[in-house]
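[1] this one's structure only:
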Ligand code: SF4
Ligand SMILES: [Zn+2]
Ligand SMILES: [Zn+2]
């Protein structure tokens with residue numbers, strides 16, 4: 001016998017163990033959309049005449065992010081949405097996801113700009129990976145991508161830069177920072193973290209579990225599988241992911257508890273440890289806390 005939705009008489013398609021609810025397609029989609037709208041309203045209110053840059057890799061998370069922002073804000077003539085994709089230069093991987101990003105932006109009729117490591121830094125991730133043995137490719141990739149996105153968003157006059165981090169990503173990052181004792185990084189996770197020279201990063205999917213993002217993408221015909229990046233092996237994050245998945249399995253709601261506990265603590269953190277005024281990088285001029293920004297520091301080492 002099929003199990004019915006707890007909100008109507010239709011068949012359920014998902015059981016949310018953390019909420020104890022069985023939901024049909026309609027009520028599941030409404031639930032995901034409600035969480036996203038609530039996160040935007042609570043943490044990142046959208047004002048009049050904003051330009052919002054959206055980081056779109058072409059994977060499920062960023063596709064759902066763009067789709068939802070377009071659904072919520074697409075009708076507003078005073079809001080400009082611009083999708084930004086970054087081609088890091090990873091052969092056999094990024095081309096596919098970029099094609100998916102292009103397909104989605106043209107389906108939604110959203111302006112789309114593709115940036116590349118080759119043009120910006122004169123080197124590709126494949127080249128960096130072949131030289132860099134010591135620090136881990138993902139650290140390079142993440143820092144360089146953040147920098148290129150921020151620069152372009154500033155250039156566009158964007159007031160927000162939306163990224164597709166979901167609940168699992170956020171819970172993992174919080175736990176990783178705890179395990180590394182990295183309080184400074186935790187302070188920067190506090191939403192909304194506004195710093196002069198850095199476009200405000202917003203994460204509207206932070207209260208949607210990864211599995212539900214995937215299901216929402218599937219139900220709306222959005223890109224789902226993108227294959228794996230050949231460099232994806234940030235060891236400690238993988239261990240934390242397994243640990244949290246295991247906890248979630250035994251104690252449904254663990255990831256939500258970690259995130260909402262952090263949000264409460266974050267208010268105190270932000271008050272007690274305000275982030276100082278940023279300087280400008282001596283080489284590229286981007287806002288940073290030292291003499292050189294992280295991207296220039298990494299590039300200089302090569
Ligand atoms: S897995 Fe690492 S190297 Fe690959 S795209 Fe992501 S951050 Fe870059
Ligand atoms: Zn229902
Ligand atoms: Zn710099």
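    Everything's here; your move. None of these values were measured; they are calculated from a predicted model. Ligands and ions are numbered 1, 2, ... in the order given.

[2] and stretch 184-203, anywhere near ligand 3?
    No: with C-beta under 5 Å from the ion as the criterion, ligand 3 is not reached by stretch 184-203; the gap is at least 11.3 Å. From N, CA and C alone the C-beta is placed, and that goes for glycine too.

[3] now that stretch, how far from the centre of its chain.
    13 Å (C-alpha atoms, centre = their mean, to the nearest Å).

[4] Repeat that for stretch 42-54.
    With C-alpha atoms, centre = their mean, you get 16 Å for stretch 42-54.

[5] Likewise for stretch 266-283?
    Using C-alpha atoms, centre = their mean, the distance between the centre of stretch 266-283 and that of its chain works out at 21 Å.

[6] ditto for stretch 74-88
    15 Å.

[7] any idea how far residue 23 is from residue 232?
    According to C-beta to C-beta, to the nearest Å, residue 23 stands 31 Å off from residue 232.

[8] again with residue 154
    The gap separating residue 154 from residue 232 is 29 Å, by C-beta to C-beta.

[9] Comparing the two, which shows the higher neighbour count?
    Per other C-beta atoms under 10 Å, whichever of residue 154 and residue 232 has more neighbours is residue 154, with 16 against 12.

[10] Let me see the ranges of the strands in the chain.
    Ranges of strands in the chain, per DSSP state E, are 14-16, 21-23, 51-55, 80-87, 111-116, 160-162, 200-202, 279-280, 287-288.

[11] Same list (those) but as JSON lines, adding distance to residue 137.
    Listed next are the strands of the chain as JSON lines, based on distance: least, C-beta to C-beta, whole Å:
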{"stretch": "strand 14-16", "distance to residue 137": "35"}
{"stretch": "strand 21-23", "distance to residue 137": "39"}
{"stretch": "strand 51-55", "distance to residue 137": "19"}
{"stretch": "strand 80-87", "distance to residue 137": "15"}
{"stretch": "strand 111-116", "distance to residue 137": "17"}
{"stretch": "strand 160-162", "distance to residue 137": "23"}
{"stretch": "strand 200-202", "distance to residue 137": "22"}
{"stretch": "strand 279-280", "distance to residue 137": "28"}
{"stretch": "strand 287-288", "distance to residue 137": "22"}
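
[12] same for the helix or strand of the chain with the lowest mean pLDDT, what does it pack against?
    The helix or strand of the chain with the lowest confidence, counting by mean pLDDT, DSSP states H and E, is helix 183-189 at a mean of 79. If you count contacts as 3 or more C-beta pairs under 8 Å, 6 or more residues apart in numbering; DSSP states H and E, helix 183-189 packs onto helix 167-180, helix 254-272.

[13] What distance do you get for the nearest residue to residue 229 once chain neighbours are set aside to residue 100?
    Distances taken as C-beta to C-beta, 6 or more residues apart in numbering put residue 93 closest to residue 229, at 5.2 Å, once the chain neighbours are dropped. Note on residue 93: its distance to residue 100, by C-beta to C-beta, is 12 Å.
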